[in-house]
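Peer 1: 3D, please:
(chains A and B)
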Amino acid sequence: GESVGLHLPTLSVQEGDNSIINCAYSNSASDYFIWYKQESGKGPQFIIDIRSNMDKRQGQRVTVLLNKTVKHLSLQIAATQPGDSAVYFCAENRNPGGSYIPTFGRGTSLIVHP
Amino acid sequence: ETGVTQSPTHLIKTRGQQVTLRCSSQSGHNTVSWYQQALGQGPQFIFQYYREEENGRGNFPPRFSGLQFPNYSSELNVNALELDDSALYLCASSTGGAGNTGELFFGEGSRLTVL
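Peer 2: Numbering: from 1, shown residues only, chains lettered A, B, ... in the order given. Okay, the predicted model is just below:
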């Protein structure tokens, strides 16, 4: 069956370090992935996305890597800041017709120590 | 701010009662998705509405129902509430159809407590 999971539930880093959050997926037919950030008391917020025809995509201080061979993706945050503290979810997108439906994993809690 | 508003923000119900949660989608969006997020878990897909029709449904019983109005706002109804229904209910709007990207714009959720 389909599943989206994360390797580590909690990641603690020092301010200024680089952070890497990992995610595994099982549906090899998945062709579109999104990383979301959820701060306490708020809804998830889009960070960056990647399609299966790419293996890397960069944004502002964030990079997503996709390895289709092992069905794994990661989110790298450069120079992590206290404001990056949140729960991060990878979402696997499928499109049954009309609109994409993201399936979320459990999430990784990122804690940034000043 | 995403422009997606949900009401109420918090509510308390007792087992067996019914609840209606409301969501106003972001301007220009024609798709609304509802998610249930238990404490410490990721959002679980309940269902999605695209142009007033149900476009997909997750593994939730029939007592979870919804609808979408012509202005693309939406309601989530839960009947016969159970203790395990206590959770944050998230609404997200997006653009479906041609040009849809899959990016969801979430509201801040409705926190439901069932006693």
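Peer 1: When you work out contacts or count neighbours from here on, use the C-alpha atoms and nothing else.
Peer 2: Will do.
Peer 1: A:Ala79: which element?
Peer 2: Of the helices and strands defined by DSSP states H and E, none includes A:Ala79.
Peer 1: Ok, A:Ser99 next?
Peer 2: Applying DSSP H and E, one finds A:Ser99 in no helix or strand.
Peer 1: Now for the residue nearest to it when sequence neighbours are not counted, how many residues are close by?
Peer 2: Spatial nearest neighbour of A:Ser99, chain neighbours left out: B:Gly96 (4.4 Å); criterion: Cα to Cα, 6 or more residues apart in numbering or on different chains. Neighbourhood size, B:Gly96 [other Cα atoms under 10 Å in any protein chain shown]: 22.
Peer 1: from what I can see B:Gly96 touches A:Asn95, true?
Peer 2: No. Contact criterion Cα atoms under 8 Å: B:Gly96 and A:Asn95 do not qualify, at 9.9 Å.
Peer 1: Next up, the contacts around the residue nearest to A:Ser99.
Peer 2: Taking Cα atoms under 8 Å, 6 or more residues apart in numbering or on different chains, we find B:Gly96 in contact with A:98-100, B:29-31, B:50, B:102.
Peer 1: ranking these by neighbours, who comes first?
Peer 2: When neighbours are counted by other Cα under 10 Å, B:Thr31 leads those with 30 neighbours.
Peer 1: Next one: that one relative to chain A, how far apart?
Peer 2: From B:Thr31 across to chain A, the span is 7 Å (Cα to the nearest Cα, to the nearest Å).
Peer 1: got a pLDDT number for that residue?
Peer 2: pLDDT, B:Thr31: 91.
Peer 1: Is it correct that it is in contact with B:Asn55?
Peer 2: No. Using Cα under 8 Å, B:Thr31 is not in contact with B:Asn55; the gap is 9.1 Å.
Peer 1: Quick check: neighbours shared by these two?
Peer 2: Common neighbours of B:Thr31 and B:Asn55 (Cα under 8 Å, 6+ apart) are A:99, B:48-49.
Peer 1: Which residue in these has the weakest pLDDT?
Peer 2: A:Ser99 (70).
Peer 1: can you list the residues of chain A near chain B?
Peer 2: By Cα under 8 Å from any Cα of the partner chain, the residues of chain A that approach chain B are A:34, A:41-46, A:89, A:93, A:96-107.
Peer 1: Derive a ChimeraX selection command for the buried subset of these.
Peer 2: The ChimeraX selection below is limited to those of those classed as buried (16 or more other Cα atoms under 10 Å in any protein chain shown):
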select /A:34,43,44,45,46,89,93,98,99,100,101,102,103,104,105,106,107
